[in-house]
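S.K.: can't give you the sequence, but here's the structure:
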């Protein structure tokens, strides 16, 4: 009996889902961007063809949705079987995309396309199941609503909830607020991460300084080595000075950051790599 | 390669005794600062001809890296004492593994190889949204993908709307836009978080 | 418009990957213009087209840079070191609207708002990729 209601309501839920995803594909203004990142690119290699394919698919989904929703009189199994076949196609495409391009998006809803996680597979699986159920329906969904209103409404609500939870596009509405609330209630997991000045903050201060601008024409590498000594943080780079390979070494206060000082005092030294001698009076010109 | 301790002592002593340049003024007889507001660019044609390589490491032979570019090109990078290697932080060629991705800047050599000045291994810079926060990870939405960001204690920093980088991550909020600079882990596709610039 | 010395705009630049690549760049696509490559001197402009403007909305941050579409050639100069490189616009970006008010200063002179995105090749010519963003002036 419950199965009967489920089968009768299936066309409604399935039609709603396909109508929504189909309309999204047809009306999306960011379709080309989603298309360029979808796994279909690996098959068709052309953004315009992929966009066209997605729009065509959208039209097919809308047409299927209309036939599922507006069945006059006795239900006909063909739309249900067609939807099931579409679902099988979805699953196959997701498997192929997952195997060949695991980082890509699936283009499933036309806009900010969902990543291909288990939720996308589950939703495609539900399309197959929903299609088969719709094909097995013996009554229409509005007759089920009249005969067994409580069960029908319950299944509709549960069905919408399940589909919504499987659609990552809707996460903003419920999943993220849930996570925010959990953070507020149980505390921030990353409390207590503050500590001594990290290397990145020192490098950031250096790269914003006059000393860096003065030495930059001679620096050739990014940061090679660094260490702390007696409250100093020493940063070593490689460079070229008067055609000779040099180490360009900066000495900075290990506790200084952009927040603690606007005028860091930085010591700059150039050491000839071959002779290991400090270069006296290096050509440090303050940039204009 | 880390120089032996006595070389570090030598470098430290030399560095601490170096010319001091402070903020907007300069000590030691250097030229005074001029206005930074002048928009006239200086011409430096040498900069435009630097060699560049992108791709994945296919072989490591001594101090040479063989790299397969993403467009079918091949490169050989020569790593020297003057080459910086970044993999989450400054490190050495010993930290590089076959399969790592990289970008490298250097100089074309007559033998067709590139003498590398700077190599950045597995570096990524992704515009994301924070979708989850855990004790040792931050879940990120990167356009079409869901990315796991690994928090590295002592290394991961955050910069809140351009403030100084700090290791205090308790200001991260779900739903924030973040620019994530990190290192991709080929093994599981996660990203080691190095710096997160937090937006609105 | 070529890679010359006519002032166009100024602000912060970041970097991004495009074209086939490793890791998260594997699905990056060829950029809004097509043909974008991480190993070429390419860049992204917040006003490359009307559709682009809708995504980046630099006007939310008070930046109303002129339209410069695919193929536009510009020169970018690091404010502090004067290192410069010429590049071609091949994509739309960065998402200026998400970082309104963010500043990068050097020696007390500040540039505000993200107004340019460069490929790794172009960015590494004027700075270290690990620095993430730089204060720059842009010319054409």
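M.R.: Yep, that arrived. Values in this document were obtained by computation on a predicted structure and should not be read as measured data. Numbers count the residues shown, from 1 in each chain, chains lettered A, B, ... in the order given.

S.K.: what's the neighbour count on the residue in the stretch 151-288 of chain A that chain C sits nearest to?
M.R.: At 3.6 Å from chain C, residue A:216 is the closest residue in the stretch 151-288 of chain A, using CB to the nearest CB. Yep, even glycine has a C-beta here, placed from its N, CA and C like the rest. Residue A:216: 21 surrounding residues under other CB atoms under 10 Å in any protein chain shown.

S.K.: and if you look at residue B:80?
M.R.: By other CB under 10 Å, 15 other residues sit near residue B:80.

S.K.: Please name the residues that touch it.
M.R.: Taking CB atoms under 8 Å, 6 or more residues apart in numbering or on different chains, we find residue B:80 in contact with B:63, B:115-116.

S.K.: mind checking how far the lowest-mean-pLDDT helix or strand in chain C is from the chain centre?
M.R.: Ranked by mean pLDDT, DSSP states H and E, the weakest helix or strand in chain C is strand C:103-106, scoring a mean of 88. Computed by CA atoms, centre = their mean, to the nearest Å, the chain-centroid distance of strand C:103-106 equals 16 Å.

S.K.: May I see the buried residues of it?
M.R.: C:104-106 (16 or more other CB atoms under 10 Å in any protein chain shown).

S.K.: so what secondary structure elements neighbour it?
M.R.: In terms of contacts (3 or more CB pairs under 8 Å, 6 or more residues apart in numbering or on different chains; DSSP states H and E), strand C:103-106 is packed against strand C:109-112, strand C:134-139.

S.K.: Ranking those by mean neighbour count, which comes first?
M.R.: Ranked by mean neighbour count under mean count of other CB atoms under 10 Å in any protein chain shown, the helices and strands packed on strand C:103-106 are led by strand C:134-139, which reaches a mean of 24.

S.K.: quick revisit: what lines up beside the least confident helix or strand of chain C in the sheet?
M.R.: Note on strand C:103-106: by DSSP bridges, its sheet partners are strand C:109-112 (antiparallel).

S.K.: which outside residues touch the partner strand?
M.R.: With contact meaning CB under 8 Å, 6+ apart, strand C:109-112 is reached by B:36-37, C:10-12, C:61, C:79, C:101-105, C:135-136.

S.K.: before we move on, what about stretch A:272-285?
M.R.: Counting by CB under 8 Å, 6+ apart, A:214-215, A:217-218, A:238, A:241-242, A:244-247, A:268-271, B:10, B:14, B:17-19, B:21, B:30-31, B:81-82 sit against stretch A:272-285.

S.K.: if you look at these, which of them are in strands?
M.R.: Mapping the contacts of stretch A:272-285 onto strands (DSSP state E) picks out A:238, A:241, A:244-247, A:268-271, B:19, B:21.

S.K.: Neighbour count, pLDDT and distance to chain C added to these, as a markdown table?
M.R.: Converted to a markdown table, these look like this (neighbours: other CB atoms under 10 Å in any protein chain shown; pLDDT from 0 to 100; distance: CB to the nearest CB, whole Å):
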| residue | neighbour count | pLDDT | distance to chain C |
| --- | --- | --- | --- |
| A:238 | 24 | 96 | 13 |
| A:241 | 21 | 90 | 16 |
| A:244 | 13 | 91 | 21 |
| A:245 | 15 | 94 | 19 |
| A:246 | 24 | 94 | 17 |
| A:247 | 27 | 95 | 17 |
| A:268 | 23 | 93 | 14 |
| A:269 | 24 | 93 | 19 |
| A:270 | 28 | 93 | 16 |
| A:271 | 21 | 94 | 21 |
| B:19 | 21 | 78 | 16 |
| B:21 | 28 | 77 | 10 |
